[in-house]
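>>> One predicted model, sequence on top.
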2 protein chains.
Amino acid sequence: MEALPELEEGLVAPLDRDPSQPLLQKDRLTNATTGISHMAIVGADGSLIESLDYEVLESDLFKQDWRARTQCEVLQYVILKWTFAFLVGLFTGLVGIIINVAVENIAGAKLMYTAKLIYSNQLVLAFSLVTGCNVVLVLCSALLCVYLGPAAAGSGIPEVKAYLNGVDAPEILSPKTLFVKVLGSIGSVAGGLYVGKEGPLVHIGACIASLLGQGGSRKHHLTFSWLRLFKNDRDRRDLVTCGAAAGVAAAFRAPVGGVLFALEEAASWWRSSLLWRTFFTTAVVAVVLRLGSNWCRVGHCGLFGKGGLIMFDVSKGSSTYGFPELFAVMILGLSGGILGSLFNALNTRICIFYAKNFNLLILSRKGPAAKIFLACFVAVVTSVCCFGLPWLAPCRPCPQLTLPYECPTYDRSGNFKSFHCPTGQYNDLAGLVFTTNDDAIRNLFSTGTQKEYHYTSIIIFFVASYIMALLTYGIAVPSGLFIPVILCGATYGRLIGMLSTTMYDLKGLDEGVYAVLGAAAFLGGSMRMTVSLCVILLELTNNLSMLPLIMLVLLASKTVGDSFNMAIYNLHLKIKGFPILEAHPEPFMHQLTARDAVKSPLVKFSPVERVGNVMHILRTTKHSAFPVIEEPLSPKATFAGLVLRSHLLILLKKKDFYFTRSSSTMSCRKISSGEFAKPGSGKGLTIEDIEVTPEEEDMYVILHPIINASPYTVLDTMSLAKAYTLFRQLGLRHICVMPRKPEGEPILGILTRHDFMHDHLLSIHPHLRSSLLKDRSFLRQASSDRHP
Amino acid sequence: MEALPELEEGLVAPLDRDPSQPLLQKDRLTNATTGISHMAIVGADGSLIESLDYEVLESDLFKQDWRARTQCEVLQYVILKWTFAFLVGLFTGLVGIIINVAVENIAGAKLMYTAKLIYSNQLVLAFSLVTGCNVVLVLCSALLCVYLGPAAAGSGIPEVKAYLNGVDAPEILSPKTLFVKVLGSIGSVAGGLYVGKEGPLVHIGACIASLLGQGGSRKHHLTFSWLRLFKNDRDRRDLVTCGAAAGVAAAFRAPVGGVLFALEEAASWWRSSLLWRTFFTTAVVAVVLRLGSNWCRVGHCGLFGKGGLIMFDVSKGSSTYGFPELFAVMILGLSGGILGSLFNALNTRICIFYAKNFNLLILSRKGPAAKIFLACFVAVVTSVCCFGLPWLAPCRPCPQLTLPYECPTYDRSGNFKSFHCPTGQYNDLAGLVFTTNDDAIRNLFSTGTQKEYHYTSIIIFFVASYIMALLTYGIAVPSGLFIPVILCGATYGRLIGMLSTTMYDLKGLDEGVYAVLGAAAFLGGSMRMTVSLCVILLELTNNLSMLPLIMLVLLASKTVGDSFNMAIYNLHLKIKGFPILEAHPEPFMHQLTARDAVKSPLVKFSPVERVGNVMHILRTTKHSAFPVIEEPLSPKATFAGLVLRSHLLILLKKKDFYFTRSSSTMSCRKISSGEFAKPGSGKGLTIEDIEVTPEEEDMYVILHPIINASPYTVLDTMSLAKAYTLFRQLGLRHICVMPRKPEGEPILGILTRHDFMHDHLLSIHPHLRSSLLKDRSFLRQASSDRHP
């Protein structure tokens, strides 16, 4: 019964860490590719990453509970489930509208006043206004992010992916994070940064779902007893999946795309009944958005006009194309794949640079000044671009043709911006940089506007947006990645379109259609989604006839991108150090058996255990589950099952102790299973919460009612790859490794998420590094796919 | 080592059955709801249903093979995988075009000549022509179906679903079935029956995929050695999933819808890498269809015009709607759900009636005459409808407005058919019944044709098509269900649309849009898909602005339908007796443990076994796997692993026998793992293929190299529901039940698919029937969902 001071499940104890020690030291678990610890701290107040557990616990207590459940409770559960799905959709839709309206008003006012100042030739004042507004907005956003909700920085999609993969980092779905994410993304988007509100909306949807499932704060007595049915990881995961889908649906007005995004990108586990519920949630979002935008269109929302709720109608783009056009599109797809994967590679390096030099590693609260400085610096650079770049482009006369677009416009939106030009002329670069990102994309996508842009302007804007997008994603503000990638891609696509329509005289496709395809190519090359991106783009542009072209481009760019590096969200998951389980085991895991991965000696309990022993073990280890062995001294010891640390703590807290060891004389006192329901993240008991007197330490506690008598087991001869499949597919937290031979211990050890981690396995089996190097070819993924 | 003559995995030995005995006798495994044996024979020549196995076998032989695999072989595998995905798309697309062209030409010629005869008032001749053509076409189809490929009858989607759920019934994906399905669906669709070619195309896609993976017939030496990498159930499953998606893509020109159909309806297991490959396959289909239809449009395909390759353009339907329209749409969705589920209920009863009275039970070859008679009878009734119904509608003058449609038309297609009417008049009912189903749907969906149809005509056609669809799905011809359901739904929707536009004066939505929504309501009410139906309908009608309405209707109709009965394909799976594993275990399985379900005594082997023993056990049992126990006589017997029957048979066939038992003196002779690769369905060795002399019977065979040393195991105390989750999620064929207490046998038994079957469990635990009755409420599904 030795206590082991070993770490489990990617846990670190940051409070034990010497604060002067650099966070990025190369320890034995350092990530080989990024140089960042796989066990990076998420959250700064000493709370730790835990695994979620989707196993059905079959302890006596839960079995009784299940048998006692009435039809009425089941009905209550079903009603609640659908009510929650409805509420997630409703709230996410409303938040989406609020963010849109706020951004449109703030950024609109800013641009309008600046345009007026430029028109009256007060250039210094105009520049100061733009820069001042942007820095203040970004500063607010960064302050909130750094001091209140560090988990709200960045896109949020990696965090949601991690949660749905079974990683429960505290704060990532907390009310504080939600609050910061909403206000912060208004600030960063309205502040003119090259960021979007799409990733943050996914995170917001997930936060709303998680909070609904927890039923509000327990501290403030806002939780309800009938929510106990939802107090488990499975139901929370389902709700969060609905929330992620709702976020995409709200961001792009793409209900089907939202469902597919949740399925393809966000979720690690999927059930067909969930498809149905997610679909309902996104339908609710679609209705809310429709009602909201109708209400805004009649003038209730200030400056909110057609600019809000991005929806780029490209339905008029002609789509009669032949092989020359297809060739141009193919080139676009392939080069988009290269540029997209280059974006991933450069952004990863920049983020690591930021992390090392600005203490920006994930959610750590160290060096707030550096982080805030970095955010403000990026805001200033962005403002300089926004105001300075249009001066590089000469004024051009408005086209003579009668267009559906006004020329020039003095307003904040419109294709042909006047900027500083004399009457009848426009500045094409101002229409791209001196506007909101949504409007810039709309201008690039606009059809029937051949020769609106000139090569130099498009190339300048492409380089600027690519660099700014690279620099911006990684600073400490909520920052979505969809919009910058779409912006770069659309510019690049428009450039290719201009080349093919003017230089090679291909008239089949409109320049606006090329811009859409360029956006698809960059998205495919960077994010590597397929079906969901395709549907999102179709719903966004409202033109189904582009489907084959978009499919072609996505296939090309994803194939090219995959041969260089991983998808950007996966790279960021690695940088942030979340212990993610990929869909397939690494090939080298076929060479290890389950026995090779277990730790020994094992920490174990008897079914009736001394309170002092339990307290000692809980204090000195960090394991989250312990095997219970009957008659541990006899040669015929029997494995009785697993007990969870969280359940032990609750049992100790209840002080249900006995004076004698013999369990025949006493019956277990009334414990309701509701008390063992899982609390929200970071709200559980810790060993420090429990006070036991020396007299109580000599008493006994009966573990029987909380023993999970049938955990999932594997034989010790099973290859680790096969055990990984079991672990990953069923979403487990613990697998018991049983000996094939009946001699010796009845259980050899417990496998957890940590034991399947790549770096951990290589550190305890260094001889595998050579075989790993062999695998590091482009065939690696293919061969791991081969052995699912 | 007693042999058990028990059945396993839903197997029956049809050759042992007394032929005079009725097939539908109520035995202990009779399906409670349909009165049909759960173990119905699939295929009539004595071949049996088997389970597929997606477990990675970790025997010495396969491990060696995996280690010896070179980078080159892995590259070969990756290239082959994508080549196959490409070929599946290419062939399915081509077959789709061929079927379309054939149907359009045959049905077109038939209708054209009949129209000419009617115009020249030779009515008897016209009627004889229609009826004669239809009967001959349907007769050919039925003859092929009954005598050559009984597995080709019906839609084929249940069979594909069953295969992807892990049920390997012989013939369902064989070359014969493919041949019959292609010719048969041309016959039945061109023969004017109320059937579609969509379900058959899904089946055709799956057959093509399965045949490609098997690499042609081994009998005719058409298989290639490098295909051995694909000779396992996992890769075949992936290919068949691609095939199913390609089928839908080819049927509806809906590539994204095809992927979603495969995901939502067809597949039971899904991997994200498969999404990507399926998407590629359907993209290929889309390109093939586009090229094909462009080639046909310039006149290379005879009568094939805009009628072929269904694509109902409803993009002009106005979609400005308010609450009154939404109310009408909601009514449409709810009543569509009722009528759709009524369709399921009635069709199930009719199919059971057919099965009992026309010996039509699934694929049995009994009573061919009765089946063929039934098919011809339905063909005659359909012809009477087609020719007779238009006489019930009076001739009406063509509308005065200038329409985009000609009026009247004498051709085979067009909205306003002349039929027998004088010049300037048209028969509205003829435009629906005296045409192909595709054209009828196009006419119903057509926008801007208010008041084209009259109430009586629409009501007559609705009743006729509903009854004919009910009667037709179940006869022995390939018959898709999508088109008849869309036809009924569109008629119903048009009726509701006419009521709301004329009686309540709601002008927001076009009658054609109501028809599309009606089709959605019936599809949702009958097939219960959500996202995939939504996307298919959007791609079919090319109008994204209908998305919220279609979502609303699908949500309403699925909810209503689910409260009455199961989806129609699931009902047909039940009727056909496929032992399907649903996504969730039945609630009563929580009351049983794994120990309650295992059979005893166990049939087992030693690692070195007498050949005579092996032969005896293989002859007298039907088990597909046997546990191997080391030292079976000592008290410390050890479980060594599982051997598969198929591997034992191959080992015996190789005659790798030894004279002594002691394995230390001999090394295993060279056996290559390629010989143990899984053959195509129904092509494996049987015990009858193996001849052993009496001398050989006394020799020994070494099982070591083929023992799977790490099968998945569960403790005997685990509830059956939890074991079911493991079995279903990982796609297993065998789970070993291990004792928790180390005394006694080292393994208690093996759980197979059969042991999880509802009816089997109830037959051995009759006391659970009462608890089951309690569960049979509408909450049943919800509560099983509760405990995944």
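Thanks, I have it. Values in this document were obtained by computation on a predicted structure and should not be read as measured data.

>>> just the residues of the stretch 51-200 of chain A that are near chain B, which are they?
Contacts of the stretch 51-200 of chain A with chain B, taken as C-beta under 8 Å from any C-beta of the partner chain, map to A:56, A:58, A:63, A:66, A:71, A:74-75, A:77-78. Where C-beta positions appear, they are placed from N, C-alpha and C, glycine not excepted.

>>> likewise the stretch 351-500 of chain A?
Of all the residues in the stretch 351-500 of chain A, none lies near chain B, going by C-beta under 8 Å from any C-beta.

>>> Now the stretch 351-500 of chain A against chain B: closest residue?
Closest residue of the stretch 351-500 of chain A to chain B, C-beta to the nearest C-beta: A:Phe445 (15.6 Å).

>>> And the longest helix seen in chain A, what does it pack against?
Criterion DSSP state H: the longest helix present in chain A is helix A:71-119. Helices and strands touching helix A:71-119, by 3 or more C-beta pairs under 8 Å, 6 or more residues apart in numbering or on different chains; DSSP states H and E, are helix A:123-143, helix A:175-190, helix A:198-214, helix A:233-252, helix A:272-295, helix B:779-786.

>>> and the longest one, anywhere near chain B?
Pointing back at helix A:272-295 there. Yes: contact of helix A:272-295 with chain B (C-beta under 8 Å from any C-beta) involves A:272-273, A:275-276, A:279-280, A:283, A:286-287, A:290.

>>> Centre-most residue in chain A?
In chain A, the residue lying closest to the centroid (C-alpha atoms, centre = their mean) is A:Ile157, at 2.1 Å.

>>> what's the closest non-adjacent residue to it?
Using C-beta to C-beta, 6 or more residues apart in numbering or on different chains and skipping residues adjacent in sequence, the residue nearest A:Ile157 is A:Gly199, 4.9 Å away.

>>> burial count for the one you found?
Neighbour count of A:Gly199, defined by other C-beta atoms under 10 Å in any protein chain shown: 29.

>>> can you check A:Asn613 too?
A:Asn613 has 16 neighbouring residues, counting by other C-beta under 10 Å.

>>> Doesn't it lie inside a strand?
No: counting by DSSP: H, G, I helix; E, B strand; the rest coil, A:Asn613 falls outside a strand, being helix.

>>> quick revisit: contacting residues around the residue nearest to A:Ile157?
A:154-157, A:478-482 (C-beta atoms under 8 Å, 6 or more residues apart in numbering or on different chains).

>>> okay, those in JSON lines with distance to A:Arg753 and pLDDT next?
Below are those laid out as JSON lines (distance: C-beta to C-beta, whole Å; pLDDT from 0 to 100):
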{"residue": "A:Gly154", "distance to A:Arg753": "23", "pLDDT": "87"}
{"residue": "A:Ser155", "distance to A:Arg753": "24", "pLDDT": "89"}
{"residue": "A:Gly156", "distance to A:Arg753": "22", "pLDDT": "90"}
{"residue": "A:Ile157", "distance to A:Arg753": "21", "pLDDT": "94"}
{"residue": "A:Pro478", "distance to A:Arg753": "28", "pLDDT": "93"}
{"residue": "A:Ser479", "distance to A:Arg753": "29", "pLDDT": "91"}
{"residue": "A:Gly480", "distance to A:Arg753": "29", "pLDDT": "90"}
{"residue": "A:Leu481", "distance to A:Arg753": "27", "pLDDT": "92"}
{"residue": "A:Phe482", "distance to A:Arg753": "30", "pLDDT": "92"}
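
>>> Which ChimeraX command selects the buried ones in those?
Of the contacts of A:Gly199, the buried ones go into a single ChimeraX selection, burial set by 16 or more other C-beta atoms under 10 Å in any protein chain shown:
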select /A:154,155,156,157,478,479,480,481,482
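
>>> that older thread, out of the residues of helix A:272-295 next to chain B, which are buried?
If you count burial by 16+ other C-beta under 10 Å, the buried members of these come out as A:272-273, A:275-276, A:279-280, A:283, A:286-287.

>>> So which bits of stretch A:76-96 are buried?
Buried residues in stretch A:76-96, counted by 16+ other C-beta under 10 Å: A:77-78, A:80-81, A:84-85, A:87-96.

>>> which one of the residues of helix A:272-295 next to chain B sits closest to A:Gly641?
Nearest to A:Gly641 among these, counting by C-beta to C-beta, is A:Ser273 at 29.3 Å.

>>> ok, that closest one to A:Trp82 distance?
As judged by C-beta to C-beta, to the nearest Å, A:Ser273 and A:Trp82 stand 12 Å apart.

>>> The one helix or strand A:Gly489 maps to packs against which elements?
Using DSSP states H and E, A:Gly489 maps to helix A:482-498. Other helices and strands packing on helix A:482-498, by 3+ C-beta pairs under 8 Å, 6+ apart, are helix A:198-214, helix A:323-358, helix A:437-445, helix A:455-472, helix A:511-527.

>>> Recalculate using a threshold of 6 Å.
Packing partners of helix A:482-498 (3 or more C-beta pairs under 6 Å, 6 or more residues apart in numbering or on different chains; DSSP states H and E): helix A:437-445, helix A:455-472, helix A:511-527.

>>> which residues of the stretch 451-600 of chain A score low on pLDDT?
By pLDDT under 70, the weakly predicted segments of the stretch 451-600 of chain A are A:600.

>>> hmm, who's touching stretch A:240-255?
The contact list for stretch A:240-255 (C-beta atoms under 6 Å, 6 or more residues apart in numbering or on different chains) reads A:85, A:88-89, A:92-93, A:96, A:160, A:198, A:201-202, A:205-206, A:208-210, A:258-259, A:261-262, A:266-267, A:278, A:281-283, A:285-286, A:289, A:309, A:311, A:536, A:539-540.

>>> Quick one: mean pLDDT over it.
What stretch A:240-255 shows for mean pLDDT is 93.

>>> Likewise for stretch A:81-93?
The average of the pLDDT scores along stretch A:81-93 is 94.

>>> With adjacent residues omitted, what lies nearest to A:Pro255?
Nearest non-adjacent residue to A:Pro255 (C-beta to C-beta, 6+ apart): A:Thr282, at 3.8 Å.

>>> doesn't A:Gly258 make contact with that neighbour?
Yes: if you go by C-beta atoms under 6 Å, A:Thr282 and A:Gly258 touch, sitting 4.4 Å apart.

>>> Show me where the stretch 551-700 of chain A has its strands.
Using DSSP state E, counting those that start in this stretch, the strands of the stretch 551-700 of chain A run over A:608-610, A:625-630, A:638-644, A:657-658, A:700-702.
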